[in-house]
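K.L.:
Mind looking at a prediction? Sequence and model below.
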Amino acid sequence: MGEFKVHRIRFFDYMPSAIRAMAFSTRTERLALARADGALEIFNFSDNYFQEKVLPGHDGRAVEALCWVGPRLFSAGLNGEITEYDLENLRPRYTVDAYGGPIWTIGVNSQGTLLAVGCEDGTVKMFEVLKERIQFQRNLDRQRGRIISLSWHPSGTLIAAGMMDMIRIFDAETGRATHRLVVDRGAGASKSKEVVVWSIAFLSDYTIISSDSAGKVQIWDGLNGTLIRTHLITKWDVLALSVSQDESSLVAGTSEGTVVQFQFLSSTVDRLDKDWVRTRTFKNHSHDVRALAHTETAVVSGGMDTQLVVRPLLDKVEKNTRESAIRKVSFPHRSLVCCAKKAGVLLFQFPDHLELWRLGESDGYGKPGGSLPVKRGPEKLIQLKRKGEDHICCSALSPCGGWLAYSTVTSFRLYRLLNGSISICKVSKLPKDLRPAHQLCFSTDSSKLFASSSNSSVVVVALNEPECKYLGTLKAKYGCRQPVHLLSASENGKWLATANTDCEVHVYNLDKLKLHCTVPVYGSCPTAMAIHPTTSNLVVVHADQQIFEYSLVKKEYTEWSRRLQKQGLHSLWLERDTPITHVTFNPKNPAHIIVQDLFMFCIIDKSLPLPEAKNVLYNQMTLRSLPEPDRVLHSHGFKICKDFQHLLCVSLLEDHSLVVVERPLLDIVSQLPAPVRQKKFAT
Amino acid sequence: MNTNNSRCIAAVVKARSLREHRPANGSAGMQGGGRVRSRSLSVTMRRSAMTLQNNMAKNQRGEAAPSSRMTGRERQMGGFSLLLESSDDEGPEEVTFEDSKADARRSMKRALDTARREKELLKEKRRKRQELFQEQKKRKLLSAEVLEEIDSTKQEQSHVKAAEEEAEPEEVEGRKRNWKQNAARNLKGNYTVTTVKQSTLASSQLKAAEDFLHSRMYGPGSRRTTSNEMLSLENKMGKNKSAAVQFVKKNWACQKKAKAEKLKKTWIHMQQIPSS
């Protein structure tokens, strides 16, 4: 099969940022997630929970709450601004200052016409949602104390606002505060601290459900302003609440990392006396749960441990199927590492800086599975800090290691690396058409740079010193509005393949700078693709783990691809829950395709038979134990290696050595902020 | 030793009973006083028992307690130790109440004295430091002539500044009231000082809100532990028990280690020089 010298890299200190808020849109089946550094992520729940879009963060944009108004996404933050996002260009569309100090919460009424924000100065401000913007309408009665949470009644006439030590009910039309519900403080030492009503929900039968920092979930009668029931669920804070669409189920997230579910059930068989009863407890997080979303079939939670967990509810889905499995998203679904194959240099992308490392060298020979002595260790060549307050959106390194480019939402920078990538100088004269890009790619001979820009178009720039020349813009025929998230150039410099989040894959002819063909649209979003150096076949892998191979010359699917589709992929392959993020090829063997996802990398050998359903998929260990002649009988084309875990990048260098960038989850967990102290017996 | 202790206790009990038979001054105060006194009595009894034992030990070891160094109490004890020499079985003689009372008073006075002396010393230090600061401040202020010169050059500028300069020459704050230039001040010389990034009201409010959130979640009373501790507990309680996650603190004494490394290199270098 193949013996590779592996550069095992663990010095990429990737540190994800905590999840701060989330909002689920049932109409579009999309989840919007806001992180502590201001980054926004959009997950497509109908497409295998693929992370479709990532909007980079901004210094000082401390997002506290998110809200979907139809297809539009709004966020409110502690910088006092309400921001609407342009999801087609992956940038904020505009910001509106609420002039109320830091904004803690945002909520839209069920008709989608009014947006209410709760501010630090104690006012609830109403904004009208207009077609292209929002406009300030009025303030409700100003209160003493900050408004931490708010919730609209489904009719749109009342608003319940959670503040310090109390809950206020406002009449949305007159703006008067009608009721005041006093929340008890905690017992003991916490009696002296004010209790913060972290989250609140207003149901259609005028029941208000509140969660506070004393660990209670309280159920109130919103019409009379009285307390119905108190549930003490934890000793720490209950930070988040989410109610399902049909108001029969409610989840509360605590600082301990547990998510407690309450259901509106009756104790007897007949449906007369229904009550909110605590049913399930999920412990999927080690740190505080700060954001929750209750979809129809699952509970989505996220918090300080930076992982997004989707827990399907077993009374809504079939048991023991792929749908009922718990899903954890801990790493991004895109590559943050760029490998310069000819130079042996790696580029690591962080939100605020870029790092350039040279790989180490080793001489010796060893047995498979053993480690070789390192002759020269890896060294960090350059650390490049970004300019400005926007975080880095995308970056790229040319294969020769001579050019480096990165883009934020407002600026684009290109650098020339000299003396073996040690010295760096900025290229100042850039063509005007080169605007901030969503994805960057260098051609294999390092002569051209491709930058994706708005409306699924790609700008082509020739790299020259001192000035880069604009060569042209590649546009697709139809009006595609979605951003391009994958770019792949062929090795002979003839083809460029682009994929956008609308599942469209276009291939351009670079000699003529025109569209060559469009791959037939497949329902799932492409997650990785690459063009074979010799056969010019485009290999595309999708979020539902399907693999397609398309011949660019013949403009049709290849024979191998048809065979694969006819037989179908192995069930274990389809059940994997992390998408393939990188596709590459083996120069020595044209029949090989190397694909990589978070937990494994696989060498697909097209010359070997495809695995059937009854075959064992992960058979590398067993094959090694068999004698030589038997191996041929049992082997199949998917050779999976799971030796390296939490892979961020797998790449093949020119000298036929494998570069594997790992980020062990333990390294991330050990650097997280403080969890609560749970006193356990015998510790 | 047990016999000694029992005798001491017997002495204490006797002393207490002595007190209770005295005419009452006020029952509560009496009891309280009596209790205090008996406590001090028992303390002194214990202390005297200790010194007695020490002296006995010394005598057993053959050391003669030098009479010149002995304090009054010890002199009394000394008398007792001589007696003990003769008869080991008998317990120590009882110390009279007055003696131990005087003893206690003396030690209290000594303690008060030392406290007073320390306070005075601190006061002195503070006074000296204050004087030093005053002197430094005076030195920092420019001499009157220089200020007049600045006055004259600034008269061409706006009215606001001229008005400020009319204040007394020693007033340094006048120059600071220069709001027009964002936090820019002109010191003696030709340079200005400005902040790199102007902090706005919004950013200070943002900081305050973040501080509030941080204090609620991680502030005092939040009962938190470290990630390391949590992972180590998991290792301890899990199926395959293993060591704590950060068993050895690898980043201790970084500078010392770097120094040692450098020393090692120089030593090796030195070793190589004579051989080459």
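P.N.:
Received the coordinates, thanks.
K.L.:
A:D655: neighbouring residues, count only.
P.N.:
A count of nearby residues for A:D655, using other CB atoms under 10 Å in any protein chain shown, gives 9. Any C-beta I mention is one placed from the backbone N, CA and C, and that applies to glycine too.
K.L.:
any idea of the pLDDT on it?
P.N.:
Listed pLDDT for A:D655 reads 86.
K.L.:
mind checking how far it is from B:I273?
P.N.:
Here the criterion is CB to CB, to the nearest Å. By it, A:D655 lies 39 Å from B:I273.
K.L.:
List, one by one, the residues from the stretch 151-276 of chain B near chain A.
P.N.:
B:202-203, B:205-206, B:208-210, B:216-218, B:221-231, B:233, B:236-237, B:245-246 (CB under 8 Å from any CB of the partner chain).
K.L.:
go with 6 Å
P.N.:
Where the stretch 151-276 of chain B comes near chain A, counting by CB under 6 Å from any CB of the partner chain, the residues are B:202, B:205-206, B:209, B:223-227, B:230, B:233.
K.L.:
which ones among those residues are found in helices?
P.N.:
B:202, B:205-206, B:209, B:227, B:230, B:233 (DSSP state H).
K.L.:
As a markdown table, the residues you listed with pLDDT would be great.
P.N.:
As requested, those are arranged in a markdown table below (pLDDT from 0 to 100):
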| residue | pLDDT |
| --- | --- |
| B:A202 | 84 |
| B:Q205 | 92 |
| B:L206 | 92 |
| B:A209 | 94 |
| B:S227 | 89 |
| B:M230 | 89 |
| B:L233 | 89 |
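K.L.:
Nearest to A:S335 among these?
P.N.:
Nearest to A:S335 among these is B:S227, at 27.2 Å by CB to CB.
K.L.:
got a list of what that closest one touches?
P.N.:
A:670, A:672 (CB atoms under 6 Å, 6 or more residues apart in numbering or on different chains).
K.L.:
Let's see that with 10 Å instead.
P.N.:
Taking CB atoms under 10 Å, 6 or more residues apart in numbering or on different chains, we find B:S227 in contact with A:286-287, A:305, A:668-675, B:245-246.
K.L.:
could you measure it against A:D390, distance?
P.N.:
30 Å.
K.L.:
picking up where we left off before, and the residues of the stretch 151-276 of chain B next to chain A, which are buried?
P.N.:
B:202, B:205-206, B:209, B:224, B:226-227, B:230, B:233 (16 or more other CB atoms under 10 Å in any protein chain shown).
K.L.:
Retrieve the pLDDT associated with A:S371.
P.N.:
Here, the pLDDT recorded for A:S371 equals 83.
K.L.:
What is the subsequent helix or strand relative to the longest helix belonging to chain A?
P.N.:
The longest helix of chain A (DSSP H) is helix A:559-567. Next helix or strand after helix A:559-567 toward the C-terminus (DSSP states H and E): helix A:571-574.
K.L.:
contacting residues around that following helix?
P.N.:
A:48, A:322, A:544-547, A:568, A:602, A:611, A:613, A:615-618, A:638, A:640.
K.L.:
Give me the mean pLDDT for that helix.
P.N.:
pLDDT averaged over helix A:571-574 gives 90.
K.L.:
and if you look at stretch A:147-165?
P.N.:
On average, stretch A:147-165 scores 95.
K.L.:
so what's A:A298 bridging to?
P.N.:
A:P312 (DSSP bridges).
K.L.:
That one: what's it in contact with?
P.N.:
With CB under 10 Å, 6+ apart, A:A298 has these contacts: A:24, A:45, A:49, A:309-313, A:316-317, A:323-324, A:326-327.
K.L.:
can you name the two of these that are farthest apart?
P.N.:
Longest span within the contacts of A:A298, CB to CB: A:F24 and A:S324, 18.9 Å.
K.L.:
So between those two, which is more surrounded?
P.N.:
A:F24 (24 against 16).
K.L.:
In space, what's closest to the more buried one - neighbours in sequence excluded?
P.N.:
A:A293 (4.1 Å; CB to CB, 6 or more residues apart in numbering or on different chains).
K.L.:
Show the buried residues in the contacts of helix A:571-574.
P.N.:
The buried subset of those (16+ other CB under 10 Å) comprises A:48, A:544-547, A:602, A:611, A:617-618, A:638, A:640.
K.L.:
Can you name the residue of the stretch 101-250 of chain A nearest to chain B?
P.N.:
A:P102 (3.9 Å; CB to the nearest CB).
K.L.:
Test of understanding: give the bridge partners of A:V460.
P.N.:
Bridge pairing for A:V460 - DSSP bridges - gives A:F450, A:G472.
K.L.:
Now do it against A:L496, distance only.
P.N.:
8 Å.
K.L.:
Are there residues contacting both of those two? Which ones?
P.N.:
The contact lists of A:V460 and A:L496 share A:443, A:448, A:450, A:474, A:508, A:510, A:513, where a contact means CB under 10 Å, 6+ apart.
K.L.:
isn't the first one right up against A:I531?
P.N.:
No. Judged on CB atoms under 10 Å, A:S443 makes no contact with A:I531 at a distance of 11.6 Å.
K.L.:
More neighbours: which of the two?
P.N.:
A:I531 (24 against 21).
K.L.:
Just give the nearest non-adjacent residue to the more buried one, would you?
P.N.:
That would be A:S490: by CB to CB, 6+ apart, it lies 3.9 Å from A:I531.
K.L.:
Could you point out which residue ranges in the chain have low pLDDT?
P.N.:
Went with chain A since none was named. A:1 (pLDDT under 70).
K.L.:
let's do chain B instead
P.N.:
B:1-88, B:142-147, B:149-187, B:275-276.
K.L.:
90 - rerun?
P.N.:
Applying pLDDT under 90 to chain B flags the ranges B:1-98, B:132-204, B:219-223, B:226-230, B:233-255, B:272-276.
K.L.:
Stretch B:258-276: which residues count as buried?
P.N.:
Buried, per 16+ other CB under 10 Å, within stretch B:258-276: nothing.
K.L.:
Look up how far chain B lies from A:L440.
P.N.:
With the distance defined as CB to the nearest CB, to the nearest Å, A:L440 ends up 29 Å from chain B.
K.L.:
which strands and helices sit next to the helix ranked longest in chain B?
P.N.:
Ranked by residue count and defined by DSSP H, the top helix of chain B is helix B:97-140. Contacts defined by 3 or more CB pairs under 10 Å, 6 or more residues apart in numbering or on different chains; DSSP states H and E place helix B:97-140 against helix B:2-20, helix B:27-61, helix B:72-86.
K.L.:
Roughly how far does A:W403 sit from chain B?
P.N.:
Counting by CB to the nearest CB, the gap from A:W403 to chain B is 31 Å.
K.L.:
still on that earlier bit, could you export the buried ones among the residues of the stretch 151-276 of chain B next to chain A as TSV, including distance to A:T258?
P.N.:
Shown next, in TSV, are these (distance: CB to CB, whole Å):
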residue	distance to A:T258
B:A202	36
B:Q205	33
B:L206	30
B:A209	27
B:R224	16
B:T226	20
B:S227	18
B:M230	14
B:L233	17
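K.L.:
from those residues, which single one is nearest A:D97?
P.N.:
For those, the nearest to A:D97 is B:A202 (8.1 Å; CB to CB).
K.L.:
if I read this right, the closest one contacts A:T95, doesn't it?
P.N.:
No. Counting by CB under 10 Å, A:T95 is not a contact partner of B:A202; they are 11.5 Å apart.
K.L.:
List the residues that are in contact with both of those two.
P.N.:
With CB under 10 Å, 6+ apart, B:A202 and A:T95 have common neighbours A:79-81.
K.L.:
Please tell me how far A:N615 sits from A:L608.
P.N.:
Distance of A:N615 to A:L608, given as CB to CB: 12 Å.
K.L.:
Quick check: closest non-adjacent residue to A:S395.
P.N.:
A:Y406 (3.9 Å).
K.L.:
What pairs with the one helix or strand that neighbour maps to, parallel or antiparallel?
P.N.:
Following DSSP H and E, one finds A:Y406 within strand A:403-407. Applying DSSP bridges, strand A:403-407 is found paired with strand A:394-397 (antiparallel), strand A:412-418 (antiparallel).
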